[in-house]
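> Sequence plus the predicted model coming up.
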Amino acid sequence: MNRAEILLGLLLLPFAAIGHHSTAEYDRSVVMDFEGEVVRVLWRNPHVRLTIKTQRDDGSEEIWDLESGDVNSLDRRGIRRDLVHVGDTVRVAGNPSTRRELNLSVTNLLLPNGTELLVRGNRQPRWSTDYIGDGDWIIDESKSAEPEGIFRVWTAKGRIIPEFVSNPPLTESARAAYATYDRMVDDPALECIPTGMPRAMTSSGNVHPLEFVRADEDIHIHLEIFDIVRVIHMASDADPEQQPYSSLGYSVGHWEERTLVVTTTRINWPYFDLNPIPLQGVPQSEAVEMVERFTLSEDGNELVYDLTVSDPATFTEPVVAISLITWRWQPGVEVEPYECVVG
């Protein structure tokens, strides 16, 4: 690993950039600040949405659509759905869309009582010393079950950006397809379609935790994002090549001391995505094979994730990401329902 990779990797990506729904269309160099009346509240995943009515200088009305964070992350930071009501006059600040008129990614919202909501996480208050949602999760550690090795709830501590991301070793056909991908149009997650491998794993931890659960002889990985459940077959005699294709594939695991090694084939998810790492839309064939290594730290409180991917239709050589993600055990965190709804 070179120095540039290490420096990039030690930067934990901000919560505002994490998640399945692209925020790339919003111009972060421009901040708009205005007041208006709330005429609609849609409090559901993938993003809480508000509609605000404002007045232009000539007295005519203007209707703005606002998009904030997802329900789960807002709830964990104390921003509940009963704080914003239709009819409230609020002040908002955020970044305008470069594609849609009168559309704003809202970062700050000032309620009529003077309380400021930081609705995009890791943001600073703009107007008030009385604010909610500064990035820290509100956790009841008494809810935490006694941990047993890997079998607990994990959140992300950090991740690296692998060196191959800047220039992935793509085949000619894969590079051509990658060049035409538009993540604001082509991303299936925009329609609340649960993501497949490897994105299901790389999207987990920062905003949406994951949990390893014993299931008889097998292991289930519960991913909060899209309410996904992965099954890791630990003692099956079934031939993987005879299993049906799916977005998550067919996973077979075994233990190497403190490391759970999982080999996954039979994946028909169309994209090799490492979201939120900036590699999204690389085509992926059904010949892909992924080898994951989940290594538990000596004290049991951290889990390091390595990923090796081979796909002869996409890559001219296997791509390897060592220590791609480090998850940590955070007592009291639970995997909550996600329940994504389009619209």
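The structure has been received and is ready for your questions.

> I'd like the average pLDDT over stretch 172-180.
Mean pLDDT, taken over the full extent of stretch 172-180, equals 96.

> so how far is that stretch from its chain's centroid?
Here the centre of stretch 172-180 is set off from its chain's centre by 25 Å, with Cα atoms, centre = their mean, to the nearest Å.

> How about residue 327: what's its closest non-neighbour residue?
Ranked by Cβ to Cβ, 6 or more residues apart in numbering and with sequence neighbours excluded, the top spatial neighbour of residue 327 is residue 154, at 3.7 Å. No exception for glycine: its C-beta is placed from N, CA and C like everyone else's.

> And for that neighbour, the neighbour number?
Counted with other Cβ atoms under 10 Å, the neighbours of residue 154 add up to 26.

> beta partners for it?
Per DSSP bridges, residues listed as beta-bridge partners of residue 154: residue 210, residue 329.

> repeat for the one 4 residues further on
The residues listed as beta-bridge partners of residue 158 by DSSP bridges are residue 326.

> can you pull out the strands in the stretch 51-200 of the chain?
Counting by DSSP state E, counting those that start in this stretch, the stretch 51-200 of the chain has strands at residues 61-67, 89-96, 103-110, 116-118, 131-132, 153-159.

> Tell me who's in contact with residue 177.
For residue 177, the set of contacting residues under the criterion of Cβ atoms under 8 Å, 6 or more residues apart in numbering consists of residue 283.

> residue ranges with poor pLDDT in the stretch 1-150 of the chain?
1-23, 122 (pLDDT under 70).

> can you do 80?
Flagging of the stretch 1-150 of the chain using pLDDT under 80 yields the residue ranges 1-24, 121-122, 135, 141-146.

> quick one: contacts for the closest residue to residue 63 other than its chain neighbours?
Distances taken as Cβ to Cβ, 6+ apart put residue 53 closest to residue 63, at 5.7 Å, once the chain neighbours are dropped. If you count contacts by Cβ under 8 Å, 6+ apart, residue 53 has them with 36-37, 39, 61-64.

> Can you redo those as CSV, where the extra columns are neighbour count and distance to residue 262?
Compiled in CSV, those are given as follows (neighbours: other Cβ atoms under 10 Å; distance: Cβ to Cβ, whole Å):
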residue, neighbour count, distance to residue 262
36, 21, 49
37, 15, 51
39, 14, 48
61, 10, 55
62, 13, 52
63, 12, 48
64, 21, 45
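
> The stretch 201-343 of the chain: strands as residue ranges?
210-215, 218-223, 228-233, 250-256, 259-265, 271-272, 282-283, 289-296, 302-310, 319-329.

> so which of those gets nearest residue 187?
Closest to residue 187 of those is strand 271-272 (Cβ to Cβ; 8.3 Å).

> Within its sheet, name the partner strands of the closest one and how each one runs.
Sheet pairing here is set by DSSP bridges, and for strand 271-272 it gives strand 282-283 (antiparallel).

> Domain-wise, how is this protein divided?
When the chain is parsed into structural domains using automatic domain parsing, the resulting residue ranges are 31-132, 141-329.
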